[in-house]
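Visitor: Sequence and predicted structure, then a few things I'm wondering about:
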Amino acid sequence: MIDYTKLQKSIAHLDAQFQNWHTLDKTLPPLLQEAVAESVIQRFEICYDCTWKVLKRYLAEDLGVSDMPNSPKPIFRIAHENRLFDNIDEWLSYADARIDTAHDYSGEKACSALALMERFVKDAVALYCVMSGKEWT
């Protein structure tokens, strides 16, 4: 049986920090604003990694998919083929954003990643609900 606790917490923490960033007082010093944005990106990285690893386990254990690859993009393609979500292009864009944030914290890459957060959280919640069979609370 798969324990979804870590996934649920990582999504909730990302969402909470994204909301903090989204409603941040723009008169705060730039360094503080940047620190909150970097925290959102760090939580995205953790949540993303947790999501694809739990998804891999779900595909193998619950759906019986054999010969599982050990990287996110093929896992997302298999999940899409198994109708766990419709928007494969979105999930591939999240994978690209994760790669970008791991190697470059430039303002441009950070802004690109932050622009995906609302959709990523929504999609991660939906995937969590499909895999766990639970409603999001």
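Guide: Done, it's in. Numbering: from 1, shown residues only.
Visitor: quick one: contacts of stretch 48-65?
Guide: Under the criterion C-beta atoms under 8 Å, 6 or more residues apart in numbering, residues 2, 4, 6-7, 10-11, 66, 68, 70, 72, 75-76, 78-79, 82, 84, 94-95, 98, 120, 124, 127-128, 131 lie in contact with stretch 48-65. The way it works is simple: take the backbone N, C-alpha and C, and place the C-beta from them, glycine included.
Visitor: mind listing what's buried in that stretch?
Guide: By neighbour count with 16 or more other C-beta atoms under 10 Å, stretch 48-65 contains the buried residues Tyr48, Cys50, Thr51, Trp52, Val54, Leu55, Lys56, Tyr58, Leu59, Ala60, Val65.
Visitor: Flag every buried residue along stretch 119-137.
Guide: Phe120, Val121, Asp123, Ala124, Val125, Leu127, Tyr128, Met131, Ser132.
Visitor: Helices - which of these land there?
Guide: Residues of the buried residues of stretch 119-137 located in helices (DSSP state H): Phe120, Val121, Asp123, Ala124, Val125, Leu127, Tyr128, Met131, Ser132.
Visitor: Look up how far Ala37 lies from the residue nearest to the third one when sequence neighbours are not counted.
Guide: Excluding its sequence neighbours, the residue lying closest to Asp123 (C-beta to C-beta, 6 or more residues apart in numbering) is Glu90, at 6.1 Å. Computed as C-beta to C-beta, to the nearest Å, the Glu90 to Ala37 distance reads 21 Å.
Visitor: and the two? which has more neighbours close in?
Guide: A direct count of neighbours by other C-beta atoms under 10 Å for Glu90 and Ala37 places Ala37 higher, at 20 against 16.
Visitor: What score does the more buried one have for pLDDT?
Guide: For Ala37, the pLDDT comes out at 92.
Visitor: same thing with the one 10 residues further on?
Guide: Confidence per residue is given as pLDDT, and for Cys47 that number is 98.
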